[in-house]
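Enquirer: need the 3D shape of this:
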Amino acid sequence: DVQLQASGGGLVQAVGSLTLSCEASGFALDDYAIGWFRQAPGKEREGVVFISSSEGRTWYHESVKGRFTISSDNAKNTLYLQMNVLKPEDTAVYYCAKSKYSNIWRGYEYWGQGTQVTVSS
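Expert: Numbering: from 1, shown residues only. Okay, here's the model as predicted:
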């Protein structure tokens with residue numbers, strides 16, 4: 001079965017850092033597009049970072065460029081999101097998701113349970 005386990009959220013002060021992890025099972029990270037999404041209270045869910053190793057593509061939302069970095073450990077089948085210089089507007093529940101394609105723009109069908117990130121000013 002496909003499973004995604006997100007962790008690493010917490011409470012941090014502005015300009016601080018956090019690293020989120022997304023442990024995947026039931027599939028290999030390299031074979032599909034994987035995304036980090038977030039949803040803030042009262043707002044729609046938005047894509048933060050998408051990656052497709054097989055297509056060699058990575059996309060960052062404009063608001064996180066230069067601050068967030070996605071990486072993976074294939075031996076652990078785990079994806080990481082390093083978040084630096086955090087801002088209060090980064091406060092949200094963060095989800096990792098797997099696409100059924102290698103294309104980063106569509107097909108996200110499996111979702112982790114989410115991890116809360118709260119950035120205080």
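
Enquirer: checking the residue positioned nearest the centre of the chain next. Helix, strand or coil?
Expert: Centroid-nearest residue in the chain: Trp36, 2.4 Å away (criterion: C-alpha atoms, centre = their mean). Following DSSP: H, G, I helix; E, B strand; the rest coil, Trp36 is assigned to strand.

Enquirer: surely it is in contact with Val49?
Expert: Yes: between Trp36 and Val49 there is a contact at 4.7 Å, judged by C-beta atoms under 8 Å. From N, CA and C alone the C-beta is placed, and that goes for glycine too.

Enquirer: which one is Leu86 nearest to, not counting chain neighbours?
Expert: Val119 (4.6 Å; C-beta to C-beta, 6 or more residues apart in numbering).

Enquirer: hang on, I meant Asp73
Expert: Using C-beta to C-beta, 6+ apart and skipping the chain neighbours, the partner closest in space to Asp73 is Tyr80 (7.3 Å).

Enquirer: what do Trp36 and Val49 both touch?
Expert: 70, 81 (C-beta atoms under 8 Å, 6 or more residues apart in numbering).

Enquirer: run a quick neighbour tally on Tyr110.
Expert: Using other C-beta atoms under 10 Å, Tyr110 is surrounded by 19 other residues.

Enquirer: quick check: bridge partners of it?
Expert: Here Tyr110 sits in beta bridges with Lys98, going by DSSP bridges.

Enquirer: that one contacts Cys96, correct?
Expert: No: the pair Tyr110 / Cys96 is not scored as a contact, 9.2 Å apart, by C-beta under 8 Å.

Enquirer: what's the overlap in contacts for the two?
Expert: What both Tyr110 and Cys96 touch, as defined by C-beta under 8 Å, 6+ apart, is the set Leu4.

Enquirer: one step back: verify the stated contact: the residue nearest to Asp73 with Leu18.
Expert: No: taking contacts as C-beta under 8 Å, Tyr80 lies outside contact range of Leu18: 10.7 Å.

Enquirer: which parts of the chain are strands?
Expert: In the chain, strands defined by DSSP state E lie at 3-7, 10-13, 18-25, 34-39, 46-52, 57-60, 68-73, 78-83, 92-99, 108-111, 115-120, listed in chain order.

Enquirer: with that, I have no additional questions.
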